[in-house]
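A.B. asks: Let's see this in three dimensions:
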Amino acid sequence: MKKMILTTLALFWAGASFADPVEGVWKTTPNDKGGYAYVQIAPCGDKMCGTVVKAFDSAGVEEAGGDVGKAIITGMTAAGAGSFTDGQILPPGGDKGYSASMAVDGDTLNVKVCSILCKTLGWSKVAG
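C.D. replies: This next block holds a predicted model:
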């Protein structure tokens, strides 16, 4: 019995120590209208993806519908040291993906989005 408990605890700690720092919920930067979203970043196969789990208007009031449930980050490939490349991001309300990469810096997720020009957005950690 003691061995089983120790084995279970060892597996739990091993799993927790291997969790990627990018996994969790991140608050996006506000859009043109001041609205923002909470995006859950999690593994999708051998990549990382992000799905909108909540959306808020400029006053911080939660909105139903819209992009909630939509995968807006897809195909991010681990590049080491908390960074990811070769992904795509869909803008709110959009259906055309743009080239993207991301890197964790403490409680900030720097999401670089490129179309003709590139822009880096600083998302903040909510939970994870």
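A.B. asks: what ranges do the helices span in this protein?
C.D. replies: Secondary structure of the chain, counting by DSSP state H: helices at 2-18.
A.B. asks: Output the below-cut-off pLDDT ranges for it.
C.D. replies: 1-19, 128 (pLDDT under 70).
A.B. asks: tell me the centre residue of the protein?
C.D. replies: Ile41 (3.2 Å; Cα atoms, centre = their mean).
A.B. asks: Tell me the bridge partners for that one.
C.D. replies: Beta-bridge pairing for Ile41 (DSSP bridges): Gly24, Gly50.
A.B. asks: Quick one: residues contacting it.
C.D. replies: Counting by Cβ atoms under 8 Å, 6 or more residues apart in numbering, Ile41 makes contact with Val22, Glu23, Gly24, Val25, Trp26, Met48, Cys49, Gly50, Ile73, Leu109, Gly128. Just so you know, the C-beta spots here come from the backbone N, C-alpha and C atoms, and that holds for glycine as well.
A.B. asks: likewise Ala55?
C.D. replies: Counting by Cβ under 8 Å, 6+ apart, Ala55 has contacts Gly35, Tyr36, Ala37, Tyr38, Glu62, Glu63, Gly66, Asp67, Val68, Pro92.
A.B. asks: Redo those residues as JSON lines? Include neighbour count and distance to Leu117.
C.D. replies: Listed next are the contacts of Ala55 as JSON lines, based on neighbours: other Cβ atoms under 10 Å; distance: Cβ to Cβ, whole Å:
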{"residue": "Gly35", "neighbour count": "19", "distance to Leu117": "23"}
{"residue": "Tyr36", "neighbour count": "20", "distance to Leu117": "22"}
{"residue": "Ala37", "neighbour count": "25", "distance to Leu117": "23"}
{"residue": "Tyr38", "neighbour count": "19", "distance to Leu117": "27"}
{"residue": "Glu62", "neighbour count": "10", "distance to Leu117": "32"}
{"residue": "Glu63", "neighbour count": "13", "distance to Leu117": "29"}
{"residue": "Gly66", "neighbour count": "13", "distance to Leu117": "26"}
{"residue": "Asp67", "neighbour count": "20", "distance to Leu117": "23"}
{"residue": "Val68", "neighbour count": "15", "distance to Leu117": "29"}
{"residue": "Pro92", "neighbour count": "17", "distance to Leu117": "19"}
